[in-house]
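S.K.: Sequence unavailable; structure follows:
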């Protein structure tokens, strides 16, 4: 009933077109400016960074989100337009106005997102020239996903189609991640398009719930960015019976799948990462305890370094749980690495170390930790810590 | 009046002897077992890890600390005796008993500390054999400091002499740090000896205050260990007028200097570190806000990687402050890197990038951040994040 559209993108839902160009914002000759546009006004919901330091585009887009409707998003990579004060806010407004002019929309219908270096101003002349080079087309969804990348090594997109009471609707998404990624916020950029008809308050609530258990459970490095946002535009062109709080569970399930797919892609493509790390906490006293412990473990530098080295150093996992703030009783904790029990009721259990090292050497490492206290559970996603992470981030602004 | 004793160690105060041996606990032919002993019962205070997962020696020593008096500490490196359940507790008690037998003390007079791999049992036969090889002498203070090292690259010791109303008293200390180091706990092992006469409750309070502003402001990697403790033994042989809450400020100042010296040494010798990072927050709304922001910045992987690369990426510092939980107003924040202003009132200020890069390339990097909100201030110490940190921790258990 619900399936992934092969080669799908943010323009897979009806009535969405996109475009991208190489505006030379930080580097020459790479896509760094992108626009996605809905044919008609779309019901809009968004979540934004919780960092106190918020980029100008985050401030502007969150403010415009109060309308609950938008037609377009303009995004640039290479410059975050953060820590740029009043001039930054004016620049973000200019980006929206220039885009609105180019598309024949009103500036209030345009959301803005920027990602890249903090503390530099957006080169508006290049944005203006770049907008002129953009050709909007349904085929340009993939170009949109490429243009929003920074240190990402692959674009992150998905589209899913689903049927509801005989009507097919589609959800598409493009995301970027890589560095400055940590739970408890938007954690990155993700733009989601859908042609489903969705009641506005349900769209907001469903997005919040989906983001909480997907993007907010991803951590690359514990650092949160001032730029992050997740935005969904629902233009209603599928013509389905409107989804709301009474009948929207099926829509939310598909939306959640899209979010989880993008969240996992961001984790697996963390800066310098060679592996996806998946941490599942079960039987915590509360769901919040499970979330806290899972995120702390996925974020521990020592756990991440051990995962990189395929080193079954499970004591580090226990310690990360112990400092997470989640309630645990050390004597009831059990643990598996890639499915193999290594700790039971708080003490070591014998295991085949060579076999576990082989499992840890694959590109998908799972850690299971069972607190045996209650029914709380949660999964967090992260990646290994590599020498390349340090190399990338020791010379980021150059 | 107060001065550092050149070549001083934990045995510099009167009435302390130490010894160490290579017991083969993890590696052959390196010192890994050490004892420090006071000639007579010493007033004792200690602070222990706040990680919920606590090593057996931490549990045992904290319990024995309730006496407020001890004669000896036995320490091993190579095995943390953590996540070892009831057997681990029995093993820690056996270590104390074996040491007491060797020294002619009662087991209750012996504190135990262990550091190293989590989730392995202490090889008691090797501890027993190692204890027999130890020769106690005032000259063995340096050997004690070397024996407690794990991935430390240098031993960390200091002794200071001070005069109070004509009487000279001495404080000596040995510490180990390196990995799994983060504020909000003991953060490492540090043993402090003094011949001063100190009233027990004042000793506890003074130690707590000193540790809060020194060891608890050090972060290497955000991971806390189950093994950490700071212990001070005051044997009273200096015969000074007893220090208490009314007259102890001079003693506390010297103790604080010893703690800060050891804390900075631990930060500078963080696993893989090539630089000491010192973060000073000023004019925060509260002292707690200043502490929170300073520690978060010193702990940020992205800040640490930029420091490693001598990259003046000050936006990362602003973002770390923004996510720290400290109250800030982005438009009032100013910042210096190695004394050079780079951000003022929330926006970039022009600076000589080549000159700042040269300053950032030295082995002591300072970040100053001024919130312009109140009178709270704090300093945190950390280190850069290097490729070597990853390399060391990707294969720690091997």
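M.R.: Noted; the coordinates are in hand. Worth saying up front: this structure is predicted, and the values here are computed from it rather than measured.
S.K.: Neighbouring strands - and their directions - for the longest strand along chain A?
M.R.: The longest strand of chain A (DSSP state E) is strand A:33-48. Each strand paired with strand A:33-48, and its direction, by DSSP bridges: strand A:16-21 (antiparallel), strand A:69-79 (antiparallel), strand A:229-234 (antiparallel).
S.K.: Out of the ones you listed, which one sits most buried?
M.R.: strand A:229-234 (a mean of 28; mean count of other CB atoms under 10 Å in any protein chain shown). Yep, even glycine has a C-beta here, placed from its N, CA and C like the rest.
S.K.: That strand - what's its average pLDDT?
M.R.: Average pLDDT, strand A:229-234: 88.
S.K.: Is any residue of whichever helix or strand comes after that strand near chain B?
M.R.: Tracing the chain C-terminally past strand A:229-234 and defining elements by DSSP states H and E, one meets helix A:249-268 next. No - remark: helix A:249-268 sits outside contact range of chain B, by CB under 8 Å from any CB of the partner chain, the gap being at least 15.4 Å.
S.K.: Setting aside sequence neighbours, what's the nearest residue to residue A:231?
M.R.: residue A:46 (4.3 Å; CB to CB, 6 or more residues apart in numbering or on different chains).
S.K.: Count the residues that sit near the one you found.
M.R.: By other CB atoms under 10 Å in any protein chain shown, 26 other residues sit near residue A:46.
S.K.: can you check residue A:117 too?
M.R.: Residue A:117, neighbours per other CB under 10 Å, totals 21.
S.K.: Measure how buried residue A:257 is and give me the count.
M.R.: Residues contacting residue A:257 under the criterion other CB under 10 Å number 18.
S.K.: Pass me the low-pLDDT residue ranges in the stretch 201-350 of chain A, would you?
M.R.: Applying pLDDT under 70 to the stretch 201-350 of chain A flags residues A:220-226.
S.K.: Near chain B, which residues of it? Just list them.
M.R.: A:221-226, A:299-302, A:305-306, A:308-309, A:311-316, A:318-323, A:328, A:330-331, A:343, A:345-348.
S.K.: Next up, the contacts around the residue nearest to residue A:358 when sequence neighbours are not counted.
M.R.: The spatial neighbour of residue A:358 that comes closest, neighbours along the chain excluded (CB to CB, 6+ apart), is residue A:310 at 7.9 Å. Taking CB atoms under 8 Å, 6 or more residues apart in numbering or on different chains as the contact definition, residue A:310 lies against A:357, A:358, A:360, A:361.
S.K.: 10 Å - rerun?
M.R.: Residues near residue A:310 by CB atoms under 10 Å, 6 or more residues apart in numbering or on different chains: A:275, A:338, A:356-362, A:365, A:384, B:394-395.
S.K.: what does residue A:275 give?
M.R.: Applying CB under 10 Å, 6+ apart, the residues near residue A:275 are A:267-268, A:304, A:307-308, A:310, A:360-365, A:382-384, A:386.
S.K.: what distance separates the host helix or strand of residue A:280 from the centre of its chain?
M.R.: Assigned by DSSP H and E, residue A:280 belongs to strand A:276-284. Between the centre of strand A:276-284 and the centre of its chain there are 19 Å (CA atoms, centre = their mean, to the nearest Å).
S.K.: Name the SS class of residue A:63, please.
M.R.: helix (DSSP: H, G, I helix; E, B strand; the rest coil).
S.K.: Let me see the contact set for it.
M.R.: Residue A:63 touches A:89, A:108, counting by CB under 10 Å, 6+ apart.
S.K.: Kindly report the residues of the stretch 1-150 of chain A close to chain B.
M.R.: Proximity of the stretch 1-150 of chain A to chain B, by CB under 10 Å from any CB of the partner chain, involves residues A:49-55, A:80, A:82-88, A:116-121.
S.K.: Give me the subset of these that lies in helices.
M.R.: A:85, A:86, A:87, A:88 (DSSP state H).
S.K.: what's the closest non-adjacent residue to residue A:250?
M.R.: Closest to residue A:250 by CB to CB, 6+ apart is residue A:164, at 5.9 Å.
S.K.: Quick check: bridge partners of the one you found?
M.R.: Under the criterion used (DSSP bridges), residue A:164 bridges to residue A:167.
S.K.: What about it, how many residues nearby?
M.R.: Using other CB under 10 Å, residue A:164 has 20 other residues around it.
S.K.: Was I right to think residue A:57 contacts residue A:65?
M.R.: No - using CB atoms under 10 Å, residue A:57 makes no contact with residue A:65, being 11.9 Å away.
S.K.: So for the two, which sits in the more crowded spot?
M.R.: residue A:57 (33 against 19).
S.K.: which residues does that one contact?
M.R.: By CB under 10 Å, 6+ apart, residue A:57 lies in contact with A:48, A:73-76, A:80-82, A:88-89, A:91-93, A:95-96, A:111-115, A:122, A:189, A:226-227, A:229.
S.K.: Please apply the same query to residue A:100.
M.R.: Counted by CB under 10 Å, 6+ apart, residue A:100 has contacts A:71, A:72, A:74, A:106, A:107, A:108, A:109, A:110.
S.K.: is it true that residue A:91 touches residue A:126?
M.R.: No - assessed by CB under 10 Å, residue A:91 is found out of contact with residue A:126, at 11.8 Å.
S.K.: Pick out the most distant pair among the ones in helices among the residues of the stretch 1-150 of chain A next to chain B.
M.R.: Comparing all pairs in these by CB to CB, the longest separation belongs to A:86 and A:88, at 7.1 Å.
S.K.: Mind checking which of those two has more residues around it?
M.R.: Ranked by neighbour count (other CB under 10 Å), residue A:86 and residue A:88 place residue A:88 first, with 26 against 11.
S.K.: wait, doesn't the more buried one sit right on residue A:121?
M.R.: Yes - Residue A:88 is in contact with residue A:121 according to CB under 10 Å; the separation is 6.8 Å.
S.K.: what residues do these two have in common as contacts?
M.R.: In contact with both residue A:88 and residue A:121: A:56, A:79, A:81, B:347, using CB under 10 Å, 6+ apart.
S.K.: Return the subset of these lying in strands.
M.R.: A:79, B:347.
S.K.: mind listing what the strand or helix carrying residue A:111 pairs with, with the direction of each?
M.R.: If you go by DSSP H and E, residue A:111 is part of strand A:110-117. Paired neighbours of strand A:110-117 in the sheet (DSSP bridges): strand A:69-79 (parallel).
S.K.: Rounded mean pLDDT for the strand it pairs with, please.
M.R.: 92.
S.K.: same check, this time on stretch A:377-388
M.R.: Computed over stretch A:377-388, the average pLDDT equals 90.
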